[in-house]
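**Q** here is my input; please provide its structure:
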Amino acid sequence: MKKGIHPEYHEINVTMTNGQTVKMYSSVKKDLVLSTDNLNHSAWTGQRTNVADKGRRAAEFKSKFAGFNF
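**A** A predicted model of the protein is given here:
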């Protein structure tokens, strides 16, 4: 690697949503506290939070534009 163009890496503590702390290396010089991680994000858990909302939103749209012929 070419010297002088890459950021310096520091050891930091990353706090997960369940309180677990993991040591990692980063160019960020401060510790991180995550609000979302693999423990609660729908991409990893398989849970979709907006599935129940779709029916309600479709019903609202249909009632709002009931007089129009699409």
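**Q** how about the strands in this protein?
**A** Under the criterion DSSP state E, the chain carries strands at the ranges 10-15, 21-26, 32-33.
**Q** got those as TSV, with mean pLDDT columns?
**A** Conversion of these to TSV gives the following (pLDDT from 0 to 100):
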stretch	mean pLDDT
strand 10-15	92
strand 21-26	92
strand 32-33	86
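**Q** for the chain, longest helix please?
**A** With residue count as the measure and DSSP state H as the assignment, the chain has helix 51-64 as its longest helix.
**Q** other residues contacting it?
**A** Taking contacts as C-beta atoms under 8 Å, 6 or more residues apart in numbering, no residue outside helix 51-64 touches it. C-betas here are computed from N, CA, C, even on glycine.
**Q** poorly predicted segments of this protein, please.
**A** Within the chain, the set of residues satisfying pLDDT under 70 comprises 1, 41-44, 47-54, 70.
**Q** with adjacent residues omitted, what lies nearest to H10?
**A** The shortest distance from H10 to any non-neighbouring residue, by C-beta to C-beta, 6 or more residues apart in numbering, is to K29 (5.6 Å).
**Q** any idea how far T15 is from that neighbour?
**A** Relative to T15, K29 is positioned 16 Å away (C-beta to C-beta, to the nearest Å).
**Q** isn't I12 up against V22?
**A** No. Counting by C-beta atoms under 8 Å, I12 stays clear of V22, with 9.5 Å between them.
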